[in-house]
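[1] 3D model of this:
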Amino acid sequence: MLHSIGLLIVCHPKLDKYLSMVVDNFDYKDKIILYADYKITPEEKIKNIGLQRLDYCDYVWTIDADEVILPDDQKEIIKVMSSGAYDAGLCSVIDYTSDLEHKFEPREHKPVVIVNPKTVKFYDGRCCHYSKPKVFSYAVHHFGFTFSPEILQWKKNNYWNKKNSDEFEQLLNRPIEKAELPTELLCLTR
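    Model prediction:
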C-alpha cells in the first residue's frame with residue numbers, strides 16, 4: 001500500500017499559461033513547482049532536484065506545466081503503480097492545437113509521467129534510468145503547442161530538444177484531426 005504520492009511540476013516562467021489548470025488537476029498534498037530555464041540549468045538536473053526533495057514519497061508525478069492526466073486515469077495509474085512492480089510509468093501524448101478543437105496526429109513518444117524517486121534518476125532531459133517500466137494506455141493531454149506563434153518560436157529557439165533540430169517543425173507539421181476535449185478539461189481550459 002502506498003503512503004505518499006508527490007507531484008513535481010517543472011515550468012519555465014514564459015510557459016506558465018496552464019500552470020493553475022495543472023495544479024488544480026493534480027490534487028496532491030506533497031507538491032513542488034520548480035521554475036527553470038533549461039538554457040541555464042538542464043531539465044534533468046531540475047527534475048532530479050525535485051525528486052530529491054520528494055524522495056520521502058513512494059511515487060512522484062513528473063509533469064510539465066502544460067500537461068494533464070485525467071483524475072480517473074491518475075487513480076488507475078496509482079492503483080497499478082502501488083503494486084510495487086514498477087518504478088516508472090509512461091503514457092502516450094495527445095498534442096492539442098491552438099484552438100483546442102483539434103489535435104495533431106499521435107506520435108510515438110511516451111514520456112515518463114510517474115516514478116519512484118528513490119530508484120529513478122533523469123538524464124538528458126526527460127529520459128530516465130528505470131528498470132521496471134509500465135506503459136499505460138492512458139494519455140497525457142499536452143497543451144504545449146497551443147501557445148501564440150511568438151511563444152512557439154521562442155520554444156523552438158530556446159527550449160526544445162536540441163538533439164534533432166528539425167523535430168519541432170516536424171511535430172508542428174503533422175496532420176491535424178478533430179479533437180474533443182474531455183469534459184474534465186473543458187472547464188479548466190476555458
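[2] which residues of this protein fall in helices?
    Using DSSP state H, the helices found in the chain span residues 19-25, 43-53, 71-81, 149-158, 167-172, 183-189.
[3] show me the strands in the chain, by range?
    In order along the chain, the chain carries the following strands (DSSP state E): 5-11, 30-35, 59-64, 67-68, 88-95, 102-104, 112-115, 121-123, 127-129, 133-142, 176-178.
[4] give me the contacts around the second one.
    Outside strand 30-35, the residues that touch it by CB atoms under 8 Å, 6 or more residues apart in numbering are 4-13, 16, 19, 23, 46, 49-50, 53-54, 56-57, 65. C-beta coordinates here come from the backbone N, C-alpha and C atoms, glycine included.
[5] of these, just the buried ones, ChimeraX syntax please.
    Restricted to the buried members of these, where burial is judged by 16 or more other CB atoms under 10 Å, the ChimeraX selection command reads as follows:
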select :5,6,7,8,9,10,11,12,19,23,46,49,50,53,54,57,65
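[6] what are the bridge partners for the residue nearest to the spatial centre of the chain, then?
    By CA atoms, centre = their mean, the mean C-alpha position of the chain lies nearest to Ile63, the distance being 3.4 Å. Note on Ile63: beta-bridge partners by DSSP bridges are Ile9.
[7] per-residue pLDDT, it?
    In the predicted model, Ile63 carries a pLDDT score of 93.
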